[in-house]
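K.L.:
Could you work out the structure for the sequence below:
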Amino acid sequence: MTSEYRILKRTAGRIVQLAALAAACAAGPAAAQDAAFPSRTVQFVVAYSPGTGADILARLFGPRLADRWKATIVTENRVGATGTIASAVVAKAAPDGHTLLFIATSFGTTPALRRNLQFDPVRSFAPVALFATSGLGVVVHPQLPVKTLRDFINLAKRRPGELHYSSPGVGGPQHLSMELLKLETGINIVHVPYKGFAGAVTDAMAGHVQAMVSALQSAHPHVSSGRLRMLAVMSGERSDAFPGVPTMKELGFPGLEIYTWYGTFAPAGTPAPIVNRINTDINELLRLPEIRATMVKMGMDPAGGPPDRLGDLVKKELPRWKRVVAAAKIKAN
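P.N.:
Numbers count the residues shown, from 1 in each chain. So this is what the prediction gives:
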């Protein structure tokens, strides 16, 4: 064996060793990060008050995730400023999966309404999982002389500025959804904001206002009793609760497909193995019949899917609502 051959053989061996070491180093941190989670108490930061949808989901999933992770989970409600206080807290937390934000539709609408936020809704967060969506619908007082959404649009165009619609408050999904409907159809109806759903729906049923956008589960008992009429649902498919009511897409308005939604985010920079582990565990829980039954009773459609499903939803929502807020000149209270 020549000396040149021995040198080549040793060199080749070292190259193989270095390649193996490089591969181990590349996989090592990810494996270590994955194995290290959770290494302490996990905090669920809920952006709204106890009893709201996001809060119920945090407390529904929390004990089951704690069992899977063999860890303590603490749920904390950081209420205020339409979810921005909780969002700012999580954005500044350590990016290790131990602090998670539980939030809903306002995450995509608030940036259009408020300036100088302490976070960026895209760059400051890592999407983890979309828990659920919930449909919306357009309802009117039954004595209004319309049977279809097209009838309503034509009536509003004949009587610009004369019809009124209610909402639970300025900047909420019901308000913005109706403003998007106005923008897409060119109608002019006047917004009457209330402090909550109860006042908004009560005056709609009494005929003090002629229309409103409502969550489907909230509108169902009033439509069933004949006190309101549902003209269209804003979801992509017809609702099981209102099988005879067409979707906006069926009526020629594909840009009016709108959902309320619930999701969870981690701080930006959270390692992908940790995000994927949390996402996988949430998806497995979402497949459990008892979890799904509880969510359906709340009017939620269980969602799930990869983290990008939530991230893509937010990226779609942000420009949509900025356009609506600018066109309608809406200002946050």
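
K.L.:
Quick check, central residue of this protein?
P.N.:
Trp261 (3.2 Å; CA atoms, centre = their mean).

K.L.:
what's the closest non-adjacent residue to that one?
P.N.:
Thr133 (4.8 Å; CB to CB, 6 or more residues apart in numbering). C-beta here means a position set from N, CA and C on the backbone, and glycine is covered the same way.

K.L.:
Around the one you found, how many other residues sit close by?
P.N.:
Residues lying near Thr133 (other CB atoms under 10 Å) number 19.

K.L.:
ditto for Ser49
P.N.:
When neighbours are counted by other CB under 10 Å, Ser49 registers 11.

K.L.:
List the contacts of Asp228.
P.N.:
Rather than Asp, residue 228 is Leu. Leu228 makes contact with 139-142, 201, 204-205, 219, 222 under the criterion CB atoms under 8 Å, 6 or more residues apart in numbering.

K.L.:
Which among these count as buried?
P.N.:
Buried members of the contacts of Leu228, scored by 16 or more other CB atoms under 10 Å, are 139-141, 201, 204-205, 219, 222.

K.L.:
so who does the residue nearest to the centre of the chain touch?
P.N.:
With CB under 8 Å, 6+ apart, Trp261 has these contacts: 104-105, 130, 132-134, 303, 313.

K.L.:
So it, which state does it fall into?
P.N.:
Following DSSP: H, G, I helix; E, B strand; the rest coil, Trp261 is assigned to strand.

K.L.:
Next, find the distance separating it from His98.
P.N.:
Distance from Trp261 to His98, counting by CB to CB, to the nearest Å: 24 Å.

K.L.:
before we move on, back to that, quick check, the residue nearest to Trp261 in a helix?
P.N.:
No - assessed with three-state DSSP, Thr133 is strand; it does not lie in a helix.

K.L.:
Surely it touches Tyr259?
P.N.:
Yes - counting by CB atoms under 8 Å, Thr133 touches Tyr259, with 4.2 Å between them.

K.L.:
which neighbours do the two share?
P.N.:
Residues touching both Thr133 and Tyr259 (CB under 8 Å, 6+ apart): Ser235.

K.L.:
Leu60: which element?
P.N.:
Leu60 belongs to helix 53-69 when elements are defined using DSSP states H and E.

K.L.:
so where is the chain shaky, pLDDT-wise?
P.N.:
Residues of the chain that meet the criterion pLDDT under 70 lie in 1-35.

K.L.:
quick check: domain ranges of it?
P.N.:
Per automatic domain parsing, the structural domains of the chain span 37-132+260-328, 135-256.

K.L.:
what's across from Asp301 in the sheet?
P.N.:
As for beta bridges, Asp301 partners with Thr133 under DSSP bridges.

K.L.:
check contacts around it.
P.N.:
Counting by CB under 8 Å, 6+ apart, Asp301 makes contact with 132-135, 295.

K.L.:
in this structure, which spans are strands?
P.N.:
42-46, 73-77, 99-104, 125-140, 164-167, 190-193, 211-215, 229-233, 259-267, 301-302 (DSSP state E).
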